[in-house]
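*Asks:* here's a sequence, model it:
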Amino acid sequence: MRLTARRIAAVFGIAVLVTTTAGAQARQVTRADVIRAEDARGKGPAGIQPIVDGLGVPALRQLSIRAIGRLEQPALAAHIIPFLSDARLAATTAHALAQSLQALNPESMSKGNRAIVDSVFGLLRDAGRTTPDWIARGAIARSIGRLPFDGKQAREADVVMVSLVRPRVEQRVTYVAVAGVADGLYTLARARRTMGDLSGEAVEWLRIAASLGLDIPEAAPIRRIAWLALTANGTVTKQDVSGAISEDTDPQVRRLVVAALPNVDDAEFQRSELKRIVNDRDWLVRHEVVRIWRQLFASTDCGPLLAALADSVHHVRLAAIDALGGPCPAQDTVVQALLRTIETGPATAAPRTARGVSWHARAHALVAMARIDPKGAQELLRRDIRHPVWQVRMYVARAAVATRDSALLTAMALDEVGSVREVAIQGLSATLGHLPDLVFVRALASRDYHVVLAAARALRGSKARDSVVVGLLDALDRISREKRQTSRDPRMELLARVRELGNAESVGRLQPLLSDEDEAVAIEAAGVMNQLQGGDGNGAGGYTPSPKRPSTPSAVPPATNVRVRVTMAPASGGGTFEIVLNVADAPMTVARVSQLIQSKYYDGLTWHRVVPNFVLQGGSPGMNEYVGDGAFMRDELGPGHHDRYTLGISTRGRDTGDAQWFINLVDNHRLDDDYTVFARVVSGFDVVDRILEGDVMQSVRIVPVR
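*Replies:* Take a look at the predicted model:
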């Protein structure tokens, strides 16, 4: 296991730069130096040197190892390999090694990078077999599963992982290792299309883990991951399902069992098991039953969906309304139920109680009605085109898309709220193609990024080149002057349209973008300019990007965790919940969020996206996923899981956070290692569970840590 600097350098092709403790201390590297170097992604005058220096300081070593991984530069893994043999640092090192290789594509990997992957796999395998520490063994197994393997390596990997710990030994001390193996196998199972199915030995291991410790609370998370892996691998059996529905006391496991039913090829069995669990005591399970019944049986029997309209939990009721917007033999009964829901819903802005809804049922029913009875829905939609609640108007636009009502969509493309216009533009494009191009060009002048994005996409293939290109370039100029990194998505789409529709005369207007603060925009602009001047559009030509280094907020990470109280507005059901921000795992995220909280940034903002049994998302001044705080946040990916009630930062690609939060409503392990986990709800869970789309955060305040 012990590697010399010469051997590491031979594999990784670089000299190992690990400094001595004395040398690093002589340069007086600090925790802040390491964090800032990581936040800058190793760029700038200091580069990665503060991080490398931190490896020589015992107090900073774990922080620096983690930072090396987060840079996602495979060659840098050489710096941290020696720490894999340190029992205190093995878990952190394993995770960092896996993270450092995430930028590699297994389908187009060079021989040199393949050698790095092979070497890291071998090192992790040997370390997992020799370490007596169960925490380290679990972390190593999880990390092995994350390596960018090809199919052959993947099968070798799953055999190695299941050899590290046997779930039959029901000793709680081993649970952390069992969880790590299950996690690694889940990652491999999700990649089965390219890597192939898990080995038979791995499937048997998962089947045992899926029933581990039914009477032990600490074992429930293991069973959840095992079910996720078995489902992703397509190897769920009738026996697995029946046993879990009968015996498992964990609601998240029972929910996953219901979600796995489509993998069991027996309609009668599926129906009987759903009926057996349709009245489960936990709403998470009942909500999943509605979703799966809609998928499998609604076209022949929508009775359970009609019954769910009376559920005690509003999330289940709304899911049932949505599910009734499809084929059903009792269509007359469904239409009458939807009409009652629409007519009893408020025609004005109305507050809601903690357990009730406001506009939500009416809006959802309008869309369901439009899908099953387009003619009957026409007058209802026109009645609500000016509803005082903009979310209702957005749902009306969605319903108009379903009915292909171009007249209604054209009117709604002029709505005062961007999210309504966005849906209308998308619907017009799908319904009428390029006939409404003048509407789309006009929308390019919007201040709402998501509207500009929708309009630019709708103009793909337009024949009205001259008028369209002027609108595209004007929008690019205006948005670029705002100097908001979070404008990347609409600007990249605008550039794509200029590439497609512009000509050499457009090049001069793009010149300022070559020095844009967003490197991705600068690179794309250079490619567009070169193509319009007759080059190949991939960098060959006279124009080269020279992006400016963006200024980043000067937030300073606090010394300890931060406790935050979120108070919901009375009109949104009221109540409070508290979260603790984890400064150890996500220092710069916590610093940025804390700074925004202190400036009252989040006060009055909404939860604009609510997906039961997944996440709820909020904190956007524009009430949508494209508008947040102006400067990008760097991802701080660590070993923390996206468990139920943890908080993550919303992104649209690596290092594109804009300070919007999402709260995990179930264990979402497929989000692990891709989104920063920075906090956890610690009280007020019932308040979180009842949040609905559009609910308002009256205030967000930092409170003393108890």
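
*Asks:* quick one: residue 36 is in a helix?
*Replies:* Yes - counting by DSSP: H, G, I helix; E, B strand; the rest coil, residue 36 is located in a helix.

*Asks:* for it, give me its contacts.
*Replies:* Residue 36 is in contact with residue 50, counting by C-beta atoms under 8 Å, 6 or more residues apart in numbering. Quick note: C-beta positions are derived from backbone N, CA and C, even for glycine.

*Asks:* from residue 421, how far off is it?
*Replies:* Noted for residue 36: a distance of 40 Å to residue 421, by C-beta to C-beta, to the nearest Å.

*Asks:* right, and residue 322 touches residue 366 too?
*Replies:* No - at 11.3 Å, residue 322 does not count as touching residue 366 under the criterion of C-beta atoms under 8 Å.

*Asks:* what pLDDT does residue 1 get?
*Replies:* pLDDT, residue 1: 43.

*Asks:* no no, residue 12
*Replies:* Reported pLDDT for residue 12: 62.

*Asks:* and for residue 85?
*Replies:* Reported pLDDT for residue 85: 92.

*Asks:* pretty sure it is touching residue 127, no?
*Replies:* Yes - applying C-beta under 8 Å, one finds residue 85 in contact with residue 127, separated by 7.2 Å.

*Asks:* which of these two has more neighbours?
*Replies:* More neighbours surround residue 127 than the other of residue 85 and residue 127, with 22 against 17 (other C-beta atoms under 10 Å).

*Asks:* for the closest residue to the more buried one other than its chain neighbours, what are its contacts?
*Replies:* Among residues not flanking residue 127 along the chain, residue 84 sits closest, at 5.2 Å (C-beta to C-beta, 6 or more residues apart in numbering). Contacts of residue 84 were listed using C-beta under 8 Å, 6+ apart, and they are 1, 90, 93-94, 97, 123-124, 127.

*Asks:* the more surrounded of residue 322 and residue 366?
*Replies:* Neighbours were counted for residue 322 and for residue 366 using other C-beta under 10 Å; residue 366 has more, 29 against 18.

*Asks:* now do the strands in the chain.
*Replies:* In the chain, the strands defined using DSSP state E lie at 562-568, 576-581, 606-611, 615-620, 646-649, 661-664, 677-683, 697-703.

*Asks:* could you list the low-pLDDT ranges of the stretch 351-500 of the chain?
*Replies:* Residues of the stretch 351-500 of the chain meeting the criterion pLDDT under 70: none.

*Asks:* over to the stretch 201-350 of the chain?
*Replies:* For the stretch 201-350 of the chain, no range has pLDDT under 70.

*Asks:* can you pull out the helices in it?
*Replies:* Along the stretch 201-350 of the chain, counting by DSSP state H, counting those that start in this stretch, helices occupy 220-232, 238-247, 251-260, 267-277, 283-296, 303-308, 314-323, 331-344.

*Asks:* so how many other residues sit close to the nearest residue to residue 548 once chain neighbours are set aside?
*Replies:* Of all residues not flanking residue 548 in the chain, residue 517 sits nearest, at 5.0 Å (C-beta to C-beta, 6+ apart). Here the number of neighbours of residue 517 (other C-beta under 10 Å) works out to 17.

*Asks:* and residue 517, what's its pLDDT?
*Replies:* Predicted confidence (pLDDT) for residue 517: 89.

*Asks:* was I right to think it contacts residue 483?
*Replies:* Yes - using C-beta under 8 Å, residue 517 makes contact with residue 483 at a distance of 6.5 Å.

*Asks:* check contacts around residue 146.
*Replies:* 98-99, 102, 184, 187, 673.

*Asks:* how about the backbone phi and psi for it?
*Replies:* When read as degrees, to the nearest 10, the backbone of residue 146 gives phi -90, psi -10.

*Asks:* what's the neighbour count on residue 491?
*Replies:* Residue 491, neighbours per other C-beta under 10 Å, totals 25.

*Asks:* what's the burial count for the closest residue to it other than its chain neighbours?
*Replies:* Excluding its sequence neighbours, the residue lying closest to residue 491 (C-beta to C-beta, 6+ apart) is residue 521, at 5.4 Å. If you count neighbours by other C-beta under 10 Å, residue 521 ends up with 23.

*Asks:* repeat for the one 3 residues further on
*Replies:* Around residue 524 there are 24 other residues, counting by other C-beta under 10 Å.

*Asks:* so what pLDDT did it get?
*Replies:* 96.

*Asks:* how about residues contacting stretch 640-648?
*Replies:* Contact with stretch 640-648 is made by 221, 252, 579, 582, 585, 615, 661-669, 671-672, 675-681, 685, 688, as judged by C-beta under 8 Å, 6+ apart.

*Asks:* one more pass at 6 Å, please.
*Replies:* Stretch 640-648 is contacted from outside by 585, 661-664, 666-669, 671-672, 675-677, 679-681, using C-beta atoms under 6 Å, 6 or more residues apart in numbering.

*Asks:* tally of neighbours for the closest residue to residue 86 other than its chain neighbours?
*Replies:* Closest residue to residue 86 in three dimensions, ignoring its sequence neighbours and counting by C-beta to C-beta, 6+ apart: residue 93, at 7.6 Å. Neighbours of residue 93 under the rule other C-beta under 10 Å: 31.

*Asks:* coming back round to it: quick one: which of the contacts of residue 84 is nearest residue 148?
*Replies:* residue 97 (12.0 Å; C-beta to C-beta).

*Asks:* in terms of contact, does that closest one touch residue 77 like I think?
*Replies:* Yes - with contact defined as C-beta atoms under 6 Å, residue 97 reaches residue 77; the gap is 5.4 Å.

*Asks:* more neighbours, the two?
*Replies:* Neighbour tally, residue 97 and residue 77, criterion other C-beta under 10 Å: the higher count belongs to residue 97, 30 against 27.

*Asks:* could you pull out the helices for the stretch 351-500 of the chain?
*Replies:* 360-372, 374-383, 390-403, 406-412, 418-432, 437-443, 449-458, 465-481, 488-501.

*Asks:* CSV for these, including distance to residue 258?
*Replies:* CSV is the format used below for the helices of the stretch 351-500 of the chain (distance: least, C-beta to C-beta, whole Å):
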stretch, distance to residue 258
helix 360-372, 22
helix 374-383, 31
helix 390-403, 27
helix 406-412, 37
helix 418-432, 31
helix 437-443, 42
helix 449-458, 34
helix 465-481, 45
helix 488-501, 35
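
*Asks:* so which of the ones you listed is nearest residue 106?
*Replies:* The minimum distance between residue 106 and the helices of the stretch 351-500 of the chain falls on helix 488-501, with 26.2 Å, by C-beta to C-beta.

*Asks:* mind listing what's buried in the closest one?
*Replies:* Within helix 488-501, the residues that count as buried by 16 or more other C-beta atoms under 10 Å are 488-501.

*Asks:* among the contacts of residue 146, which one lies nearest to residue 416?
*Replies:* Nearest to residue 416 among these, with distances taken as C-beta to C-beta, is residue 673, at 40.6 Å.

*Asks:* how is the protein divided into domains?
*Replies:* Split into domains by automatic domain parsing, the chain comes to 437-445+453-551, 562-703.

*Asks:* turn the ones you listed into JSON lines, including distance to residue 340.
*Replies:* JSON lines is the format used below for these (distance: least, C-beta to C-beta, whole Å):
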{"stretch": "domain 437-445+453-551", "distance to residue 340": "34"}
{"stretch": "domain 562-703", "distance to residue 340": "20"}
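
*Asks:* looking at the ones you listed, which is nearest to residue 215?
*Replies:* domain 562-703 (19.8 Å).

*Asks:* can you count the residues close to residue 672?
*Replies:* 22.
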